[in-house]
Each structure stands twice: as C-alpha cells, then as structure tokens.
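A.B. asks: sequence? don't have it. structure:
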C-alpha cells in the first residue's frame, strides 16, 4: 500500500506512534479535534499535512516540527529552487519517484539527501537505496504535495513549484500572540521580523540555540500591521520609521510573565525590521553549572575571593555573559554582602540583590547609576555592560575605591579586552591597579549524547587544529597524532535528527599578574599580552574548545567557527 492509499484509507486514532501525536502533546490540538481533522482530510481526499495547514490553521512550523520529531529526522522545506539531481534523472523514471514519493535533491559529502513523506516506510527506503550505490542515503521528511511538485518540475511536467506565502487570516493580535508563544515554546532567544517590500513576503525567523530557524512567511500588508502592533506594545512611536527605536514589553504567559526587548531598524525600500529578545524572568544557575574546567573554576574562585578590584566577563552577544555574571553573584550572595546591580535590561532576578534598571532616555544611564550606587554603601557592584568611556571610567573608579566590581564587555577574547578598555581612554595606571581577571567565553551547540559516535580525525581536521592553535601547542596536546579521535552526531529521534542537544560553554581566563600590569601601563598590544598570558599558563579559548571536541561534548567545526568570531 503506497503513502497516498494509506492516507485515503482513513485516519489512525491519535496515540503513541501516530505522526501527529506531537500536536496533541504540545496542546496545539485536542485528540478529538485531530481525529475530526484527519477524518475530514480523508473524506476530501486531501493530504493530512496540507489539510492541517490550509483548513485547521496550524502553522508550518508546528506541522514541520511534529513530522521531524515523529520520524526522527530533519524536515526538508522546499524553496522552489530544488530539483531531482540532473545526473540521476536519466535513470530514474518519473513514475517510480512518484510511487515512492521521493526526491533525491542534494549531495552532502558522501551522503545523498532524499526527501520522502514517510521515512519510516522500510519497503520504500529499501527500494530507494539502489538509486545511487556510491552514496549513503540520508532521508528527510517533506510535504507530499511539495515532493511531487519538485518531481514534476524536474522533468518539465509543470512550472515553478515554489510554495505560495502563508495567507494569514487570523487577526494581528492573535498572530502576535502566537509568534511569541511559539518562540518561548521552542526556547528561542530572539524573534526576527524581516519585511522585503510591498511585493515580496515577510520572513519571520527564530534564533534557537544560536542558529536561525525559519518560522513563517507573511503577506506584506499583514507584516506591516504586525510591525506596528509590536511597536505599539513596546511604547514606541508607530509613525516613526526613519530612525531606530528600542523599547520593552511584557507578555503574559499562563505560568509567568515574559519580558521582551524590542528593537526596530529601518532598512532599504522603506522597510522596518523588528528584533525581539526574549528576556523572561529566569533564575541564576550555580557556579558549577557554568561548565568551567577545574583550572578555570579555581582561577575564577580566586578572583572572587578578593574584596575589591575589577572582574570582567566578555564575549559577543549571545555568549552567555549575563548568565555567568549572575552565577558569580549567586556564589557570593550572602547576608553579609551588599550587592547592587545596574542593568539594561534586568534579565535575571535573585533575592538579596538590589537590582537597578537604567533608563537612558531620561538621563539615568549606566555612569549615573554606578555613581548613585557607590553612594549607597555597596560591597559588590555588577554593571550590565561597559560600552563607553564614562561607564568604564565609573566602573574603574568604583573598583579603585575598594569595591568589587564586575561587568560584561563585547570583545573577542580576554587579552583583547584590555586593548578595548584602553581604546575607551580609561586611565591605564588605574586599570593596571584595579583589573584582577578577565573571563572570555563562547557558547557552542552540544552533541546529542544518544547518537554521537567517535571517528578518527581526518588529515583536514588535524590541519585545522594546527592552524587554529599553532603546531607547537597542538603537538604538545597530542592533537596532531593520527590516533586522534573526534566525534559527530548523525541525528536520532531524541534530537529530532539534528544531532545536537543544548549548548556547551568554552572559556579563556586571564589572571592579571605583575607582568601583565606592566604591559597594561606600557599600552602593549593584545598580541603581546596574549603571548605573555599563555606563557604564564592561560589556556586559550580555542584550546579549551578543542579539548571539549576531543572529549565528545561538541563538534570540532562548531568550535573553530565560534572561536574565530
């Protein structure tokens, strides 16, 4: 029985093993509503997935996620540019591909990507394995009508098969609520709304675990209303479209409030992008949960044991510096210590801290907040970000006055942070006297522990390690040997075929010694300070990442990419 016959035979009851069970588990449909929808699809001879999209009103993201999770493999979304691979067409009959409902569309290294609507149909997947004996088949799930359209287009049986944009019939308020709820459900850090003019659809993307995931396409008119709606909620000037704006809004989830920081940026052709960061009201983690190695943890604890000085946590946006700083605060947060924070926004709250939200629009900025806090008898001051001369100077003055000051900065690495502070024109003698340590970090997507497998490192991988770390350091660590083992994760049902689970932090800790103080006073370049720190035992960021790749926590390529930023 082929796929079409199976679906026309009628719906199976929702339950364990059913391809749409995740819709019920996620609360998107009740079991009764799903059963009714599948019965209606069968009566109308409409593919189940298409019926759920066009007649039930589920988003593509929900349908795609349900299929990917059920089949344990990635979902393949056709854009209209894909075709059956040209070299395979002469020996693959259209009738065969349609019967299999399969489109071999890409080669990725030694693998041939074949899109099917039922990757668990063993009879079909076995029959397809003979289409290219030189390549291992990687099955991905797709929508039946889009697979068939791709096949027809490939053989000249129809025109451009690109799917039409989503026609949104729901109201703007309902649409906005659905976007935020779905972003929260997926664990997204950001929502991006990207208009493309009056004649092209608007793309909505979610950043999940540091990577973008397409969510939905909207008609231009709907998108314009959506942008204005979010601007209104964030108390921005709706009619102002010529300059960037920034605001905040609070969204009420059933379990707790969710805060969002809303940024608008004018783009070409009169468009206006909206980026919303989901802040929530999360709780701080422990110092041990940061994932620091034993050496880094000991160095951090030594820096925090000092009653005064300047400690910095640095990295690009999204590197988890706020999470780290609040873990540090949790570690020292006792009844004997008075801790003040100046933040924008306040993302994490914890009892015992006196947390201050700065408001630059009314003149209450970071420097003013720090000066006010210094007058309020603090022991510890945490500053959300050092981004200008006034804030950096205020932090330095507070540290030199006998307070323990900690702050985040957006820099590439620990030694480079010193150069950035000197670029901000802070007093280098004061900086040398106050700075105690700099912790740099990145977040890398972790490997799924259930499907990860080891493999001998290739010559290219060993060469990449040498290029990133240097031949001498790589050889000393034993990472140039042909016996070196690395890890990869092909994907499984538990990770929805992604091969990934969570994120792993990699670190670099610079402890300020007398020699480094002299280098700061002499305004030595970052390269000199880095070389000096490594000679004194600093483990470079990339070395920590490679060690985690060798240990099977992360993929080497991800590490090298993250540490190059």
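C.D. replies: It's in. Note that the structure is a prediction, hence the values are computed from the model and not measured.
A.B. asks: so what pLDDT did residue 16 get?
C.D. replies: For residue 16, the pLDDT comes out at 37.
A.B. asks: what do you get for residue 93?
C.D. replies: On pLDDT, residue 93 comes in at 89.
A.B. asks: how many other residues sit next to it?
C.D. replies: Using other Cβ atoms under 10 Å, the number of residues around residue 93 comes to 11. To be clear about C-beta, it is placed using only N, CA and C from the backbone, and glycine gets the same treatment.
A.B. asks: roughly how far does it sit from residue 131?
C.D. replies: Distance of residue 93 to residue 131, computed by Cβ to Cβ, to the nearest Å: 11 Å.
A.B. asks: do the same with residue 429
C.D. replies: 71 Å.
A.B. asks: out of these two, which sits in the more crowded spot?
C.D. replies: Neighbour count, other Cβ under 10 Å: between residue 429 and residue 131, residue 131 has more, with 19 against 11.
A.B. asks: that one against residue 103, yeah?
C.D. replies: No - if you go by Cβ atoms under 8 Å, residue 131 and residue 103 don't touch, sitting 11.0 Å apart.
A.B. asks: shared neighbours, these two?
C.D. replies: residue 114 (Cβ atoms under 8 Å, 6 or more residues apart in numbering).
A.B. asks: what pLDDT does residue 330 get?
C.D. replies: 95.
A.B. asks: domain assignment for the protein?
C.D. replies: The record assigns the chain these domain ranges, following automatic domain parsing: 3-71, 89-154, 172-278, 288-452+489-563.
A.B. asks: now the ones you listed as TSV including distance to residue 459?
C.D. replies: What follows is these, written out as TSV (distance: least, Cβ to Cβ, whole Å):
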stretch	distance to residue 459
domain 3-71	34
domain 89-154	15
domain 172-278	28
domain 288-452+489-563	13
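A.B. asks: now the strands for the stretch 351-500 of the chain?
C.D. replies: Secondary structure of the stretch 351-500 of the chain by DSSP state E, counting those that start in this stretch: the strands cover 353-357, 380-383, 404-409, 435-447, 453-456, 485-488, 500-511.
A.B. asks: need the helix or strand of this structure with the lowest average pLDDT.
C.D. replies: Across the helices and strands of the chain, the lowest-confidence element by mean pLDDT, DSSP states H and E is helix 3-8, at a mean of 40.
A.B. asks: next structured bit after that one?
C.D. replies: helix 21-25 (DSSP states H and E).
A.B. asks: pick out the shakiest of the domains of the chain, pLDDT-wise.
C.D. replies: Least confident of those, judged by mean pLDDT, is domain 3-71 with a mean of 74.
A.B. asks: ok, and the closest non-adjacent residue to residue 150?
C.D. replies: Counting by Cβ to Cβ, 6 or more residues apart in numbering, residue 150 lies nearest to residue 103, which is 4.7 Å off, once chain neighbours are set aside.
A.B. asks: can you confirm the one you found is in a strand?
C.D. replies: Yes - assessed by DSSP: H, G, I helix; E, B strand; the rest coil, residue 103 belongs to a strand.
A.B. asks: and it, what are its bridge partners?
C.D. replies: Residues in a beta bridge with residue 103, per DSSP bridges, are residue 115.
A.B. asks: that one: what's it in contact with?
C.D. replies: Neighbouring residues of residue 103 by Cβ under 8 Å, 6+ apart: 82, 84, 97, 114, 115, 116, 142, 147, 150, 151, 154.
A.B. asks: at 10 Å instead, please
C.D. replies: The contact partners of residue 103, by Cβ atoms under 10 Å, 6 or more residues apart in numbering, come to 76, 78, 82-85, 92, 97, 113-116, 140, 142, 146-151, 153-154.
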